[in-house]
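# build me a model:
(one chain, ligands or ions: 1)
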Amino acid sequence: MTEVVRSWLRQARRIVLLSGAGMSAESGVPIFRDAQAGLWANFRPEDFATEAAFRARPAMVWDWYQMRREAIAKVEPNAGHLAVAAFQQRHPGRLTVVTQNVDGLHQRAGSPGVLALHGNIAADQWLDPARACCEASLPGGGQPPSCATCGNLRRPAVVWFGEMLPQRELALAQQAAAACDLMLVVGTSGLVYPAAGLARSTRGKVVVVNPEATDLDDAADAVLRGSAGSLLPALLGDG
Ligand code: APR
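Reported below is the predicted structural model:
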């Protein structure tokens, strides 16, 4: 089946790669839903990845993101990320990366124009709309940092459960999905919308790359059981 998908890719003029946490698994970044190793294994999403949780326990939530930031800073893009970026280099404008990941590894691998639907864990934003005092004053110390004048808190620039996705990135991702000839759906369980919905709304062929069954397998024209780090170089290499 890999050879068939390689032939589809050679013919595809416009390709979208929709990635999830599994794309970064071989870099050593834990996935969300793996009961043993997943990030949620020790806590429930409601405990950390919501605005209400942050307002209730800012220091605890901030520390959890700091721990993840430190872990991500120590890892490198894997062969899957690098194969995608190399393909984009050889075929400018032909492949668009849409990711649910906040780890920045596609960007660090050299992929241009990554549409990060769930934000960027390395960046912060104000919890409440910034006032003049916030912009004027560098955040004070503390965990989380805050405006020295009004106490507005800094928070991770990621999309929390129940929050809207960044409208520009979502609109561009929806346009790319609607226009593509083929969508590679890599390393996602396909459980979280609207990201997973892109694989159901695309007009292109859908190819799922995942070592395990996913919620999008039924929407796929091909399912390749394997890892991103091994299959993507095989699929996207020019050899
Ligand atoms: N290569 C490819 N896929 C892999 C690999 C690998 N090496 N290792 C694991 N996987 C697959 C798993 O089989 C699983 O299907 O990656 C998938 C990871 O699924 P999740 O942990 O649910 O992560 P994801 O689909 O990205 O979650 C979507 O949910 O919690 C929110 O905002 C969070 O962006 C996240 C969203």
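
# wait, what's in contact with the residue nearest in space to the middle of the chain?
Central residue of the chain (CA atoms, centre = their mean): Asn101, 1.8 Å from the mean position. Contact partners of Asn101, counting by CB atoms under 8 Å, 6 or more residues apart in numbering, are Ser19, Gly20, Ala21, Met23, Ser24, Val29, Ala116, His118. C-beta here means a position set from N, CA and C on the backbone, and glycine is covered the same way.

# mind listing what the residue in the chain that the ligand sits nearest to touches?
Relative to the ligand, the nearest point of the chain is Gly22 (2.2 Å; CB to the nearest ligand atom). Taking CB under 8 Å, 6+ apart as the criterion, Gly22 is in contact with Ile31, Val186, Gly187, Thr188, Asn210, Pro211, Ser227, Ala228.

# for the ligand, tell me which of those show up nearby.
Subset of the contacts of Gly22 in contact with the ligand: Ile31, Val186, Gly187, Thr188, Asn210, Pro211, Ser227, Ala228, counting by CB under 6 Å from any ligand atom.

# and the longest strand along the chain, does that touch the ligand?
The residue-count maximum for a strand in the chain (DSSP state E) belongs to strand 119-126. No - with CB under 6 Å from any ligand atom as the criterion, the ligand is not reached by strand 119-126; the gap is at least 8.9 Å.

# so which elements touch that strand?
helix 58-73, strand 154-158 (3 or more CB pairs under 8 Å, 6 or more residues apart in numbering; DSSP states H and E).

# got CSV for those, with mean neighbour count, distance to Ala83 and mean pLDDT too?
Shown next, in CSV, are these (neighbours: other CB atoms under 10 Å; distance: least, CB to CB, whole Å; pLDDT from 0 to 100):
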stretch, mean neighbour count, distance to Ala83, mean pLDDT
helix 58-73, 16, 20, 91
strand 154-158, 20, 26, 97
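
# since that was my last question, I'll sign off now.
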